[in-house]
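Asks: Give me a model of this one.
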Amino acid sequence: MYNHHRSENSRAKPVRKGLHPKNLHNQGYDFPALVKSHPALASHVKPNAHGELSIDFADQLAVITLNAALLNRYYNIVDWDIPEGALCPPIPGRADYIHHMADLLEFGLGNKQPSIKLLDIGTGANGIYPLLACQIYGWQCVGSDINTQSLENVTTIINHNPTLKDRFTLRTQHDKNHIFEGIIQAGEFFDVSVCNPPFHASPDEALKSSQLKLNNLARSRGEQKAKTKSPTLNFGGLGAELWCKGGEQLFLKKLIRESQAYSTQCRWFSSLVSKADNVKPAKKLIRKLGAVDIREIEMKQGNKITRILAWTFI
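Replies: The predicted structure follows:
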């Protein structure tokens, strides 16, 4: 998730291929400025193998501290933190998703639109999509999750940032078999729903993937293999954030099927799709259920490609 930021440093760079033109992180990370706005980051910043300022992206605490610094400096969010083992999102990529959704809803940056309503399915302990949507575009946001510990953490973040109180509300999903049901209320309308589905089918698969990422990060530092004794989920992820029965493919199927029942209550449904193989079957199902428009939006960060799949019945 994070290895696309390997050698960013404090010097301004040309726009990185693929990030949205409105993304504030197009120039890489300005570490001196970030340390200035969030001094706790200082101890994690050091020159990498190329002599450029960076952090160790395999170190969970370093990555969390970088996120807190980015959210503080660019989005005026203070005291962002997540519990141990929670999913730690790459901020530039998450901001990209929100910018692409703003394009889909057809309005530009600068005109804040508090009338726009966003629903984040599985907001996690980080609450990242609503936090960014509130701060960049002034949208009204609802975050849902099945994990009450995650929601308690987001509540703490909201409480530390008074401007979010009227704009970001949380709802608990009490039934693991449902996604929109029990969350979207009668007579309620959302402009867009976003989702970062669990990518793995089991905890074991999640661990293997984490180990692979650690090894890739180690190789980028010129080491043969990651120095961990036992695989740890360095990118975090509390259970449901990282895996679910049937993995991403089954989750998407469920999300798409249930979206049809709420077709008149949300203008655009959307989801990240991390595995390219899952796009085709998802599109086929969306078409079958009668969507009138489907968009596949490619997001590139470094050499990592992810996609957003968006569809509407309206």
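
Asks: going forward, measure contacts and count neighbours with C-alpha atoms only.
Replies: OK.

Asks: Determine how far stretch 172-184 lies from the middle of the whole chain.
Replies: Offset of stretch 172-184 from its chain centre (C-alpha atoms, centre = their mean, to the nearest Å): 20 Å.

Asks: Could you list the buried residues of it?
Replies: Within stretch 172-184, the residues that count as buried by 16 or more other C-alpha atoms under 10 Å are Gln173, Ile179, Phe180, Ile183, Ile184.

Asks: can I assume Ile294 sits in a strand?
Replies: Yes. Looking at Ile294 with DSSP: H, G, I helix; E, B strand; the rest coil, it is inside a strand.

Asks: Apart from its chain neighbours, what residue comes closest to it?
Replies: Leaving out its chain neighbours, the residue that sits closest to Ile294 by C-alpha to C-alpha, 6 or more residues apart in numbering is Trp311, at 4.4 Å.

Asks: quick one: secondary structure of the one you found?
Replies: Strictly by three-state DSSP, Trp311 counts as strand.

Asks: check contacts around it.
Replies: Residues near Trp311 by C-alpha atoms under 8 Å, 6 or more residues apart in numbering: Trp268, Phe269, Ser270, Ile286, Ala291, Val292, Asp293, Ile294, Arg295.

Asks: at 10 Å what do you get?
Replies: Applying C-alpha atoms under 10 Å, 6 or more residues apart in numbering to Trp311 gives the contacts 192, 256, 259, 263, 267-271, 283, 286-287, 290-296.

Asks: same deal with Tyr97?
Replies: Counting by C-alpha under 10 Å, 6+ apart, Tyr97 touches 19-20, 23, 103, 129, 132-133, 194-195, 270-272, 297-299, 307-308.

Asks: ditto for Glu258
Replies: His178, Ile179, Phe180, Glu181, Leu252.

Asks: Would you point out the most distant pair within those residues?
Replies: Greatest spatial distance in these: Glu181 and Leu252, 15.4 Å, computed using C-alpha to C-alpha.

Asks: Can you give me the end-to-end span of stretch 166-175?
Replies: For stretch 166-175, the first-to-last residue distance is 26 Å (C-alpha to C-alpha, to the nearest Å).

Asks: what distance separates that stretch from the middle of the whole chain?
Replies: Centroid displacement of stretch 166-175 relative to its chain, using C-alpha atoms, centre = their mean, is 17 Å.

Asks: sorry, back to before: next one: the residue nearest to Ile294 relative to Val292, how far apart?
Replies: 8 Å.

Asks: Equivalent analysis for Ala58, please.
Replies: For Ala58, the distance to Val292 - C-alpha to C-alpha - is 43 Å.

Asks: Pull the number of nearby residues for Asp79.
Replies: Counted with other C-alpha atoms under 10 Å, the neighbours of Asp79 add up to 15.

Asks: wait, isn't it in contact with Thr156?
Replies: Yes. Here Asp79 lies in contact with Thr156, judged by C-alpha atoms under 10 Å, at a distance of 8.9 Å.

Asks: would you put the C-alpha positions of the helix or strand Ala102 falls within in PDB?
Replies: Assigned by DSSP states H and E, Ala102 belongs to helix 91-104. This file holds the C-alpha atoms of helix 91-104, laid out as PDB (Å, rounded to 0.1, in the frame of the first residue of the first chain):
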ATOM      1  CA  ILE A  91      -3.200   9.700   2.100                       C
ATOM      2  CA  PRO A  92      -2.300  10.700  -1.500                       C
ATOM      3  CA  GLY A  93      -4.300   7.700  -2.900                       C
ATOM      4  CA  ARG A  94      -7.200   8.300  -0.700                       C
ATOM      5  CA  ALA A  95      -7.400  12.000  -1.600                       C
ATOM      6  CA  ASP A  96      -7.300  10.900  -5.300                       C
ATOM      7  CA  TYR A  97     -10.400   8.800  -4.800                       C
ATOM      8  CA  ILE A  98     -12.300  11.900  -3.400                       C
ATOM      9  CA  HIS A  99     -11.100  14.200  -6.200                       C
ATOM     10  CA  HIS A 100     -12.300  11.600  -8.800                       C
ATOM     11  CA  MET A 101     -15.700  11.400  -7.100                       C
ATOM     12  CA  ALA A 102     -15.900  15.300  -7.200                       C
ATOM     13  CA  ASP A 103     -15.300  15.000 -11.000                       C
ATOM     14  CA  LEU A 104     -18.000  12.400 -11.300                       C
END
